[in-house]
Structures are given as C-alpha cells and as structure tokens.
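Model the following, please.
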Amino acid sequence: YKEHLQSNYAPEYGPDPYVNYGQLDDVIRVLSAKALSKADPKSREISLTVPPQTDATGNVIAQQDFTEEMFFKLLDAEIAKVEAFTLKQVQALREKLAKTEGLVKTATSEADQEKVRQLTDAIGEDFLRLEKYVNINFMGFHKILKKHDRFLPNNPCKIFYVSRMHDQAWVRGDYSDLVVRMSTIYSQLRGDKTVQDKDQASFLRSTSKYWVKTEDVSRVKYAILKHLPVFLQKSSTGEADSQLTNSVYLDNDQMELYQGRLDKTAGAIALRFRWYGTNEPSLVFVERKTHRDHWTGEISAKERFIVSASEVEQLFTNTYPIEEKRAAMQAKGKSQEQLDEWELLVREILQVIHTKQLVPTMRTQCMRTAFQIPFDDTVRVSLDTNLCMISERGYDIQGGKVWHRDPSKPLKKTEITRFPHAVLEVKLNLGPTDPTPKWVIDLQSSGLLYEVHKFSKFIHGTAALLPEEVRAVPYWIDDASIRDSLIACGAQRILPEVTSPKAAEKKAAGPGANTMYPHLLPFGTADEEKSKDAAGRTKQYVPKSTGQTPALLAAPDLERPAVEDDEECCAKLKEFCCPSSEGGDELVYAPTSVQKIEPKIFFANERTFLHWLHSGITLSTIATGILAFASEEENASWAHWYALSLLPISLGFCIFALHIFLVRNDKIKNRTPGRWDDPRGPFILGGTLVMVLLLSFFVKCYEVAKYYTEEM
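Next up, the predicted model:
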C-alpha cells in the first residue's frame, strides 16, 4: 500500500500532508521482531517497589528505542496532521467560493461568466481532489492498523482507532454546503428560471435506477449540479444538500403488494406514506405507484394527495372526510376536473386499504438530494444516501393510531438493514421526439453508475427483513457487494450458498434469487473473483481523435487496458477489422448498463433470421436449377462452375443467419448493452455475391463477343 499511496500523491499537495505509512510500517516491524510480551489482563494488583519488567537481555522495556507507546504517539500525530490539513483546505475552498459568489453577481458579459465558470470548475476539482486525499489516507490508516493487529496481536487497537477517527471532523464532517453553493453559482450562470407551478398530483416518468459507491457520491453530485441545481425543499435550511426522507409502505399478511411489484404484474401497485424532515411528521404524502408495461404503450404512474399526520388514522378506519375536504379544495379555486381526479384517487386508495387489509409493513429512510429546476420535471435526479430499511411489523398499530415505529425505541438487528450504496434515480419526462440530454447519457456511461434494473427499496427491505413471509426475492439479492449487509440483519436464509472460501465463512442456507441472470448483478456473485469491480462491466470506446477523455471517465482509479486486437489489424483495414474501435479508439470499462428490451424485439430477431434464410434458400434454388438445366447443354462447364460458386454462398447465408440469430438472442436475454448489429457479416456475404455476379456478367460478355467475332 505504500507504493500505491506514493503513486497517488496529488502534485498540488505534495507528499508531506499524507500519512507517513512507511515510518509506521517500520515501527511495527521492529516491534514485532522484539516479540513483546502480553500484559496479564487478570492481574489487578501492583507494587510501587517492584522493579519494572525487562526483556531477555535485562533491559527495561519502557527504556527501549521502540515501544508501542511510540507507535501510538506517531499514529496520533499522523491523524492530527491529516485532520488539520483537511480542515485547512475546506476553509480555503469556502473562502474561494465566497469570492466567486461575489463575482457572479457582477458578471454580465459572456467573458466574465466564462471566467466565473472556470473558477467554479477549479473549486469543484479541488473539492474532489480533497475527498480523494481523505479517502486514501483513511484507507492507509485502516491498512496500518490491520497490520499492527496482525503483527502485534497482544495489543490490538484497530477497533478503538477506527471508532475514534469516525468521531473526528475530517471523517465525520458534512461539507455538503460547498455543493449547494457551487450549485447556486452554476444555476445563476445558466440562468435557470422557475417555471410555472404545475399540479403535482400525478407523475408520468421514465425512471432508471443506479447504485453509486460511497467514494463516488461527491463526483456524481458535482457532475449533476453542473447541469441541474440542487432542489431544496421549503423546510430545508439550505445548509446541506439533502434532507431526511421517510416512507412507510403498506402490505397485508399475504404480501400481496410485494409479490405484485416483484413479478411486475400489469397494474401492480405500491402504497406508501411519505414525509420529510427530522421531526415528527406534520404533512404526509399518501402515494400510489402503479406499474404498467411500457411496451404496451402505457406508462407507469405515481399519484398522491396530502393529509395531515392526524388524518392518517382516518385512512385506516375509513372515516376520512372526503366531501368536507372536497368542499375546502373547491373554495380554494380548484377546477372540477382536479376535484374529480382527487376524489377518485382517494376513494380508490381507501378501497384498496380496506379490501386488502393493508397495514404498515416496511419503512425506508434516507438522506435525499434532489436536482431539479423548481416545478420543471423534464429532467429530475435524486440521490439517496445513508439508506436503511426498517421493519414496521411487530407492534400494535392500535387501529391506525400508530402507523410507524417510535424513533426513541432501539431496534433489533433483525429489524433494520443498512444499504451499502447510494441509490441514484434519473427521471425523465420528455416528449415523444425529445432526445435524452447529452449530459445524462455521459453520466450514465461515465463508469460511476451501476444500473440495477427495476431496483426497489420496498422490495429489498421486505425481502431482507421479512424473509419468512416472502415467496420469492429480487435478483439483486445475490450481488456480492450487499451480502454482508444482508447477513448483518439475519437474512442468511435468502442468500445462496457459495464455494469461495472467504465468502463461505459467513454461511448462507438459502437458494438465492436465481441462477439464470447473474449478468444483471452490478458487482457479481460472491463466488466470482474480488479483483473485478463489477462482473458485467461494459466496454466503452473513447475516440482518440478528439484528444479528450470524458471528465467522469478520467478518474485515476479506472482501468484502461489496451485493446490487444488493434495490434493485429493493419492500419488501412483497422476500421473494418475492429469496427467497434472506430479506427483507433481507447477501451475503457464502465459498470453494468442494462439494455432496455421489449417483447417485440424477440419477434424482430426471428423475422430477421427468416429473411436471411429466405435469401439463402433462394440462392440455393437458383444454383440447383442452373446445374439441372446446364447438364443438358453442351459446353456448360462455366455454368457448372457458376452454380457451384453460388451454393457455398447460399450455405454461408444460412450459417450466418443461424449464428447472428443465436448471438442476438443471447444478447437480448442477457440485456447486454452496446451494438447488437454485425457490420461485417452482411458486407462479406454481399460483397462475395456481387463478385460472383460480376464475374458471371463479364464471362457472358466475353462469350457473346467471341461468338460474334467467329460469325464475322
């Protein structure tokens, strides 16, 4: 790790602010060579006149050159150094932001605005550099403490120091105010304007969900805020870029809603009560999410209405005053259409709660950061961090009076599971012809996001905390990166058995989610090699001709292996031999991106297969006919050769049809991202056929010319 640390020194910082890993390592090795004796933990008596302990040579241990006390003092000094440097850099960033905020108010010309944008970009890069500095030092302390406990097992200290570091400002501190201030500057430079407030009772959006590693959260935030402002709720103080979000999901004893959402049954619903803020809820959003298959032309919808916390009980007892609320809304000027839609929604939700006997089942809690131009839902991005799921079963709801757990009471480990990643949702509400913004596409292919198709916090929490009550679990349960969090909450029974020795230390008795679609797991299964960041990382080709690499892909931690096949391609045929490389692109790896498919794609693949077969059969029929009729003529040798040349081409059409059908079918089944066409096969087959036809044409021209020459 010493070499890794040295290779990642930031040139702007130099080596001095970093942890002196080599010196700490040397002290540990010297102490381990001395084989220090372990203090007797059972001894509770001392004497002030007994000489101190000595080593084998008779020297007092406390007077030796290297002692454990020396290691601890050196470690404390290194931790204090890193903390002081971090706080100093944060203060410097705040001062730079204050100056930039003053400049943006007076920047009227394009040149001035560009200068402010460059200053803000530099501040953002400095912030990301500082976060990397903190991460690499934090990992260094972890490594050196682990080595200390391994070489000096008589005096372990890792747990103590790790807990201590988590209480210090350089690890525990929340500096999201920098993100908010940078977002404000970028918003002013873009000239974002609040659009007209729209009725937000229902939402029709296409949503894609991703997992984000904790160390990549700041980079993702920075990439988004350059295009969308941080959307602060009215109850937010503005000091942070996120606020606490709680959602209580309802279900019955048969887990009917869970199973419907898991199976993605058409019309499957999810009901939840959501509120924002750290205090007891005052306003509660009653939301219904309805799943519809996109390929049918319908779009999934989210509908909601607002009640006060005291009115939630009335929803469970079916005493909610609909007519009274409708009259109050009408007095506020709501249209008849809006009133009818609201009443229909309320009555449908009340009917579902009572007919299905729904009760609080699962709660999700997270710190949500929303990026959105106020009241403009064209592009909306939300990032959930500190995500945890809490079981809402096991207590008396008292007829609806109590509909969420008392936060003052402690939770058992089997009643809460903490999700190890952040969850990013990209929600687009575009027109039929509106293209997806380029920055969204760049973010999706940046290597920072791991797409998890149809991920649901409700489904994950229910499967993890109520494993005895569910009949099936989602596919992402098998992912290696969340295995430890599931074991910590006692959900071993739903995890698959593994053969890896390290993973097998934590036993699991369940069958797992499935064995058919491991390619959908962002980080692979527990049996796969840990050296891979993600089992299904997709290849991204970056054109070298541009001379630039996308900023998000330019991270030093991302591997960029060379393309070995390029070396075998000659320069002139490079684009043909390696069509995906576009004549000299550089290969980088990005996380799994699940390709969206519809049922009609399977039929389109079959139709293409039949068309190719039809072409092959037509050519073979022509060739067979030529052979049959040419055998009756004299001097038919050329016709024989012509027919025999068409037969292998027709066979090539059939073989290519079968090959491309199987390849595409596998890509469709696996939802493999990237190109599904073959730019070389049709060119080769078509070119060969054209050459044979041209050759036949020239031969016939030659025979005709020869015939007329002999006649004359």
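
For residue 192, list the residues it contacts.
229, 373 (C-beta atoms under 8 Å, 6 or more residues apart in numbering). From N, CA and C alone the C-beta is placed, and that goes for glycine too.

and it, helix, strand or coil?
Of the three states, residue 192 takes coil under DSSP: H, G, I helix; E, B strand; the rest coil.

what do you get for residue 367?
With three-state DSSP as the criterion, residue 367 reads strand.

Beta-bridge partners for it, please?
For residue 367, the beta-bridge partners are residue 244, residue 385 (DSSP bridges).

okay, now it: neighbour count?
Counted with other C-beta atoms under 10 Å, the neighbours of residue 367 add up to 18.

Distance check, it against residue 208.
Plainly put, residue 367 is 21 Å away from residue 208 if you go by C-beta to C-beta, to the nearest Å.

now swap in residue 616 and tell me
Applying C-beta to C-beta to residue 616 and residue 208 gives a distance of 40 Å.

Show me where the stretch 151-300 of the chain dips below the pLDDT cut-off.
Applying pLDDT under 70 to the stretch 151-300 of the chain flags residues 194-205, 232-240, 295-297.

Quick one: residues contacting residue 248.
Counting by C-beta under 8 Å, 6+ apart, residue 248 has contacts 272, 273, 274, 360, 362, 363, 392, 403, 404.

Now residue 696: closest residue in space that isn't a chain neighbour?
Nearest residue to residue 696, sequence neighbours excluded (C-beta to C-beta, 6 or more residues apart in numbering): residue 642, at 5.3 Å.

Also residue 117?
Nearest non-adjacent residue to residue 117, counting by C-beta to C-beta, 6+ apart: residue 189, 5.6 Å away.

Now render the contacts of residue 248 as JSON lines, adding secondary structure, distance to residue 318 and neighbour count.
Below are those laid out as JSON lines (DSSP: H, G, I helix; E, B strand; the rest coil; distance: C-beta to C-beta, whole Å; neighbours: other C-beta atoms under 10 Å):
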{"residue": "272", "secondary structure": "strand", "distance to residue 318": "19", "neighbour count": "23"}
{"residue": "273", "secondary structure": "strand", "distance to residue 318": "16", "neighbour count": "22"}
{"residue": "274", "secondary structure": "strand", "distance to residue 318": "21", "neighbour count": "17"}
{"residue": "360", "secondary structure": "strand", "distance to residue 318": "16", "neighbour count": "23"}
{"residue": "362", "secondary structure": "strand", "distance to residue 318": "23", "neighbour count": "26"}
{"residue": "363", "secondary structure": "strand", "distance to residue 318": "23", "neighbour count": "24"}
{"residue": "392", "secondary structure": "coil", "distance to residue 318": "20", "neighbour count": "24"}
{"residue": "403", "secondary structure": "coil", "distance to residue 318": "15", "neighbour count": "21"}
{"residue": "404", "secondary structure": "coil", "distance to residue 318": "20", "neighbour count": "21"}
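
Looking at those, which two lie furthest apart in space?
Using C-beta to C-beta, the contacts of residue 248 span at most 13.6 Å, a distance reached by 274 and 392.

and stretch 271-284, how far out from the chain's middle?
Here the centre of stretch 271-284 is set off from its chain's centre by 27 Å, with C-alpha atoms, centre = their mean, to the nearest Å.

Stretch 612-619 too?
For stretch 612-619, the distance to the chain centre is 44 Å (C-alpha atoms, centre = their mean).

Repeat that for stretch 179-195.
In terms of C-alpha atoms, centre = their mean, the centre of stretch 179-195 is found 26 Å from the chain centre.

you'd agree residue 46 is in a helix?
No - Residue 46 is assigned coil when assessed by three-state DSSP, not a helix.

picking that back up, contacts for the helix or strand hosting the residue nearest to residue 117?
Secondary structure assignment for residue 189, by DSSP states H and E: helix 176-190. By C-beta under 8 Å, 6+ apart, the surrounding residues in contact with helix 176-190 are 90, 93-94, 97, 100-101, 104, 107, 113, 116-117, 120, 123-124, 127, 218, 221-222, 225-227, 229-230, 232, 238-242, 369, 371.

So which of those sit within strands?
Secondary structure from DSSP state E places 369, 371 of the contacts of helix 176-190 in strands.

Buried members of the contacts of helix 176-190 into ChimeraX, please.
In ChimeraX, a selection of the buried entries from the contacts of helix 176-190 looks like this (16 or more other C-beta atoms under 10 Å):
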select :90,93,97,100,101,104,107,113,116,117,120,123,124,127,218,221,222,225,226,227,229,230,232,240,241,242,369,371
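
list the buried ones in stretch 450-468?
For stretch 450-468, by 16+ other C-beta under 10 Å, it's 450-467.

In helices only, show me those residues.
Using DSSP state H, the members of the buried residues of stretch 450-468 that fall in helices are 457, 458, 459, 460, 461, 462, 463, 464, 465.

Mind putting these into CSV with pLDDT and distance to residue 443?
Listed next are these as CSV, based on pLDDT from 0 to 100; distance: C-beta to C-beta, whole Å:
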residue, pLDDT, distance to residue 443
457, 94, 21
458, 94, 25
459, 94, 25
460, 94, 23
461, 94, 27
462, 94, 30
463, 92, 29
464, 92, 29
465, 93, 32
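
what's the closest of the residues you listed to residue 351?
residue 458 (20.8 Å).

quick one: the closest one from residue 274, how far?
12 Å.

overlap in contacts of these two?
Residues touching both residue 458 and residue 274 (C-beta under 8 Å, 6+ apart): residue 247.

surely residue 29 meets residue 148?
No - in this structure, residue 29 is not within contact of residue 148 by C-beta atoms under 8 Å, at 10.5 Å.

quick one, which of these two is more surrounded?
residue 148 (25 against 12).

dump the residue contacts of that one.
28, 71, 156, 157, 158 are the contacts of residue 148 under C-beta under 8 Å, 6+ apart.

Likewise for residue 262?
459, 472, 473, 474.

chain center to stretch 324-333, what's the gap?
Worked out by C-alpha atoms, centre = their mean, stretch 324-333 lies 43 Å from the chain centre.

Which positions in that stretch come out as buried?
Buried residues in stretch 324-333 (16+ other C-beta under 10 Å): 325, 326, 329.

Adding secondary structure, pLDDT and distance to residue 629 as columns, could you present those in JSON lines?
Output for the buried residues of stretch 324-333, formatted as JSON lines (DSSP: H, G, I helix; E, B strand; the rest coil; pLDDT from 0 to 100; distance: C-beta to C-beta, whole Å):
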{"residue": "325", "secondary structure": "helix", "pLDDT": "91", "distance to residue 629": "87"}
{"residue": "326", "secondary structure": "helix", "pLDDT": "91", "distance to residue 629": "85"}
{"residue": "329", "secondary structure": "helix", "pLDDT": "90", "distance to residue 629": "85"}
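
just the residues you listed now: which is nearest residue 14?
Among the buried residues of stretch 324-333, and counting by C-beta to C-beta, the member closest to residue 14 is residue 329, at 64.1 Å.

separation between that closest one and residue 353?
For residue 329, the distance to residue 353 - C-beta to C-beta - is 21 Å.

Which pLDDT value goes with the residue lying closest to residue 699 once chain neighbours are set aside?
Leaving aside its chain neighbours, residue 699 sits nearest to residue 638 (6.0 Å; criterion: C-beta to C-beta, 6+ apart). According to the prediction, residue 638 has pLDDT 70.
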